[in-house]
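Asker: just coords:
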């Protein structure tokens with residue numbers, strides 16, 4: 001079975017099929033500051049060296065969905081293939097990604113899902129602090145209104161005759 005449909009170079013060989021070893025790593029870059037993140041998927045140690053690398057994202061219900069087309073760079077050299085995927089990080093949720101590699105020896109997936117954390121933890125902290133601030137302001141307004149209503153009721157009753 002040939003992995004690449006357009007390839008006519010798949011010839012039977014005397015060497016046995018060797019499945020790739022697949023690893024996923026976060027890749028450091030300046031894009032991290034812009035709300036983006038890179039993941040690196042490395043497939044190595046396989047024979048024949050032709051593989052197809054794809055990415056999937058774990059949904060909230062635990063299922064997987066294809067990430068689809070996007071900014072992705074594939075690198076190949078003897079015995080190794082790598083895919084670097086550019087991801088937009090969600091503002092609030094941690095997302096998990098899985099690297100899948102199709103090879104003549106059968107499909108192989110990275111054993112551990114790689115988590116991509118939200119854009120900026122300080123952003124989440126600020127949102128929580130703003131919610132707390134607005135809650136305190138609303139409670140303060142309610143206490144003020146209740147106090148004024150109570151004073152108005154006491155004023156309208158007039159002087160007490162004891």
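Answerer: Structure's in. What do you need? From a predicted model like this one, the values you see are computed outputs, not experimental measurements.
Asker: distance of the residue nearest to residue 107 when sequence neighbours are not counted from residue 137?
Answerer: Among residues not flanking residue 107 along the chain, residue 100 sits closest, at 6.4 Å (C-beta to C-beta, 6 or more residues apart in numbering). Yep, even glycine has a C-beta here, placed from its N, CA and C like the rest. The span separating residue 100 from residue 137 equals 50 Å under the rule C-beta to C-beta, to the nearest Å.
Asker: Give me the more crowded residue out of the two.
Answerer: When residue 100 and residue 137 are compared on other C-beta atoms under 10 Å, the one with more neighbours turns out to be residue 100, at 18 against 10.
Asker: all helices for the chain, in order.
Answerer: Along the chain, counting by DSSP state H, helices occupy 121-157.
Asker: which intervals of it have sub-threshold pLDDT?
Answerer: For the chain, applying pLDDT under 70 flags the ranges 1-13, 29-35, 89-94, 109-124, 160-162.
Asker: what bridges to the spatially most central residue of the chain?
Answerer: Among the residues of the chain, the smallest C-alpha distance to the mean C-alpha position (C-alpha atoms, centre = their mean) belongs to residue 95, namely 2.8 Å. Beta-bridge pairing of residue 95, defined through DSSP bridges, involves residue 116.
Asker: For the protein, just list every one of the strands.
Answerer: Counting by DSSP state E, the segments of the chain that form strands are 21-27, 36-44, 51-58, 64-66, 72-77, 80-88, 95-103, 108-109, 114-116.
Asker: I'd like these as a markdown table, with distance to residue 155 appended.
Answerer: Below are the strands of the chain laid out as a markdown table (distance: least, C-beta to C-beta, whole Å):
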| stretch | distance to residue 155 |
| --- | --- |
| strand 21-27 | 66 |
| strand 36-44 | 62 |
| strand 51-58 | 63 |
| strand 64-66 | 65 |
| strand 72-77 | 73 |
| strand 80-88 | 59 |
| strand 95-103 | 59 |
| strand 108-109 | 75 |
| strand 114-116 | 61 |
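Asker: Tell me which of the ones you listed lies nearest to residue 149.
Answerer: Minimum separation from residue 149 across the strands of the chain (C-beta to C-beta) falls at strand 95-103, 49.1 Å.
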